[in-house]
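[1] I would like to see how this sequence folds:
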Amino acid sequence: MEAHAQREVPLHSRPASTVTTKVLQVGALAAIAAGFIMAAWQMVVAAIAQGTTAVPGIHQTLWTPPEGIWSVVFGVHHFHGSFHFIPVFGGIVGHMGNSLIVGLAGVVVLTAILGRRPNPVAAVALGAAYGIAVQAILISWIINTQKIQTLYSSTPRWSWWVGHGIFGMTLGLLAGVLLRRNDAKQAEASFPAR
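    Sure thing, here's the model as predicted:
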């Protein structure tokens, strides 16, 4: 018995922390929802604006934002003003993948600063700041180095700042509410009512 009690479980076979797992689950859900809302925002703004893009003869449409994402990787010849399945579908998948990664990182930052039971108002404010920082770093400094700026011109430039603010606010709100709800459920399970 003593030999069995002293044997340690190898690090690689230990289960992940419940808190970390819950933060990642909440982060994934919040990131996907925030990415979806931002994508809808960008596509609707582009459809309404119908301004010119960086490609002569192509105006902003409902389809230019996802095609702009796809064209960053696969070239300007995938950027159209009309619906083309592969660039639209690929752009949406790329955007949602980016949203998941950036959103998970945002929820980790949020919980590191505000704790595992963040106040939703503080989470929204921090989320908005995070979204604006993502815009400044990811879009303004990295993506805008394209020779022909298909992505940044796929919607009005101001809409990217607003869209990333919306992304961050949604991320913060959902993460804050869901983490508080989870913490309340955990507390209730630990101390059941008699």
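
[2] secondary structure element for the residue lying closest to Thr111 once chain neighbours are set aside?
    Distance criterion CB to CB, 6 or more residues apart in numbering; nearest residue to Thr111, sequence neighbours excluded, is Val23 at 5.4 Å. Glycine gets a C-beta too; all of them are placed from N, C-alpha and C. Using DSSP states H and E, Val23 sits in helix 18-49.

[3] which secondary structure elements does that helix sit against?
    Under the contact criterion of 3 or more CB pairs under 8 Å, 6 or more residues apart in numbering; DSSP states H and E, helix 18-49 touches helix 64-74, helix 85-114, helix 157-190.

[4] among the ones you listed, which is the most enclosed?
    Stretch with highest mean neighbour count among the helices and strands packed on helix 18-49: helix 64-74 (a mean of 24; mean count of other CB atoms under 10 Å).

[5] who touches that helix?
    Under the criterion CB atoms under 8 Å, 6 or more residues apart in numbering, residues 39, 42-43, 46, 53, 58, 77-81, 84, 86-92, 94-95, 143, 146, 150-155 lie in contact with helix 64-74.

[6] thinking again about what came up before, could you give the angle of the helix holding Val23 to helix 157-190?
    150 degrees (axes from the mean of the first three to the mean of the last three CA atoms, to 10 degrees).

[7] and helix 18-49, which residues are buried?
    Within helix 18-49, the residues scored as buried using 16 or more other CB atoms under 10 Å are 22-23, 26-27, 30-31, 33-39, 41-43, 45-46, 49.

[8] what's the weakest-modelled helix or strand in this structure?
    helix 2-6 (a mean of 48; mean pLDDT, DSSP states H and E).

[9] hmm, back to that, ok, which of the helices and strands packed on helix 18-49 comes nearest Ala123?
    helix 157-190 (3.1 Å; CB to CB).

[10] what's the spacing between the one residue sitting closest to the centre of the chain and Trp41?
    By CA atoms, centre = their mean, the chain has its centre lying nearest to Ser99, at 2.8 Å. Computed as CB to CB, to the nearest Å, the Ser99 to Trp41 distance reads 12 Å.

[11] ok, and the closest non-adjacent residue to Gly106?
    Tyr130 (4.8 Å).

[12] looking at this, that neighbour is in a helix?
    Yes. Judged by DSSP: H, G, I helix; E, B strand; the rest coil, Tyr130 forms part of a helix.

[13] for Thr52, give me phi and psi.
    phi -80, psi 160 (degrees, to the nearest 10).

[14] and it, what does it touch?
    58-60, 153.

[15] likewise Ile132?
    Per CB under 8 Å, 6+ apart, neighbours of Ile132: 161, 164-165, 168.

[16] quick one: contacts for the residue nearest to Ser159 when sequence neighbours are not counted?
    Distance criterion CB to CB, 6+ apart; nearest residue to Ser159, sequence neighbours excluded, is Val45 at 4.4 Å. Counting by CB under 8 Å, 6+ apart, Val45 touches 155-156, 159, 163.
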